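>>> with the input below, show me the fold.
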Amino acid sequence: MSILGDWRVARERKKRAAVYLTAITQHIALGDVEWLTAIADGRNGRLAERELQFARRAVGLIVAERDALDDRTASDVAHQLATVISSEARQDAVAGRAWSERWRAYTGALALRGSTESPAARLARVMLSGAGVASPTSEQLVRGTQYILAVRSAANEALRTAYGSASLPEDVRPSAVRTVVR
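Take a look at the predicted model:
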């Protein structure tokens with residue numbers, strides 16, 4: 001491929017990652033912020049909103065890593081997100097460190113093996129913990145899990161919108177299909 005062709009492909013990948021990132025970082029619903037603020041024992045709404053945003057980012061990155069058609073998608077999205085986080089960190093130094101800590105907590109919860117809880121429930125526990133709910137009730141955990149599942153579903157839809165869906169001929173094995181880069 002020529003230099004111009006490589007540049008076009010890279011530019012298209014960057015554009016698709018930006019579209020996906022925009023979709024997963026949309027405005028948080030006020031009802032979700034109010035719910036999380038109410039159960040967080042007097043914490044402020046800003047903390048709840050920040051944790052919900054961190055949960056959306058983490059789930060969005062996880063979806064890009066696990067469900068994307070191209071192995072480069074997750075790195076493209078992470079690269080775009082790093083720009084956003086760097087900008088936030090320049091405005092508020094605590095924000096960059098907070099994201100790093102929360103991201104480690106989300107990935108740690110997902111990597112946990114031998115748990116009887118679903119991955120969504122473990123991610124919900126991390127989200128609730130970050131908002132100040134250290135020991136959630138079963139109702140709070142169910143609502144948190146529903147939020148995580150809704151975010152995952154929205155992220156999957158955004159991924160398909162930005163990158164397209166897999167389409168394979170019915171008479172050809174997936175392993176027999178070769179990727180052609182144009």
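>>> quick one, helices of this structure?
For the chain, the helices defined by DSSP state H occupy 3-24, 30-39, 45-67, 73-91, 93-111, 119-130, 138-163.
>>> for R173, find the nearest of these.
Proximity to R173 (Cβ to Cβ) singles out helix 45-67 among those, at 20.6 Å. Where you see a C-beta, it was placed from the backbone N, CA and C, and this is true even at glycine.
>>> quick one, that closest one and helix 93-111 angle?
Put simply, helix 45-67 runs at 50 degrees to helix 93-111, going by axes from the mean of the first three to the mean of the last three Cα atoms, to 10 degrees.
>>> show me what counts as buried in helix 45-67.
47-64 (16 or more other Cβ atoms under 10 Å).
>>> and the angle from that helix to helix 138-163?
Orientation of helix 45-67 against helix 138-163 (the same axes, to 10 degrees) gives an angle of 50 degrees.
>>> what is helix 45-67 packed up against?
If you count contacts as 3 or more Cβ pairs under 8 Å, 6 or more residues apart in numbering; DSSP states H and E, helix 45-67 packs onto helix 3-24, helix 30-39, helix 73-91, helix 93-111, helix 119-130, helix 138-163.
>>> look at the closest residue to Y147 other than its chain neighbours and say how many residues are nearby.
Spatially, and ignoring its direct neighbours in sequence, Y147 is nearest to D32 (6.4 Å; Cβ to Cβ, 6 or more residues apart in numbering). D32 is flanked by 17 other residues according to other Cβ atoms under 10 Å.
>>> what's the distance between D32 and A111?
According to Cβ to Cβ, to the nearest Å, D32 and A111 sit 26 Å apart.
>>> over to E51?
The spacing between E51 and A111, counted by Cβ to Cβ, is 20 Å.
>>> quick one: low-confidence parts of this protein?
1, 42, 166, 168, 174-182 (pLDDT under 70).
>>> any idea how far V84 is from the residue nearest in space to the middle of it?
Closest to where the C-alpha atoms of the chain average out (Cα atoms, centre = their mean) is G60, at 1.7 Å. Between G60 and V84 the distance is 11 Å, computed by Cβ to Cβ.
>>> who touches both of those two?
Residues touching both G60 and V84 comprise 21, 25, with contact defined as Cβ atoms under 8 Å, 6 or more residues apart in numbering.
>>> looking at the helices and strands packed on helix 45-67, which is closest to D171?
Checked against Cβ to Cβ, the stretch from the helices and strands packed on helix 45-67 lying closest is helix 138-163, at 23.8 Å.
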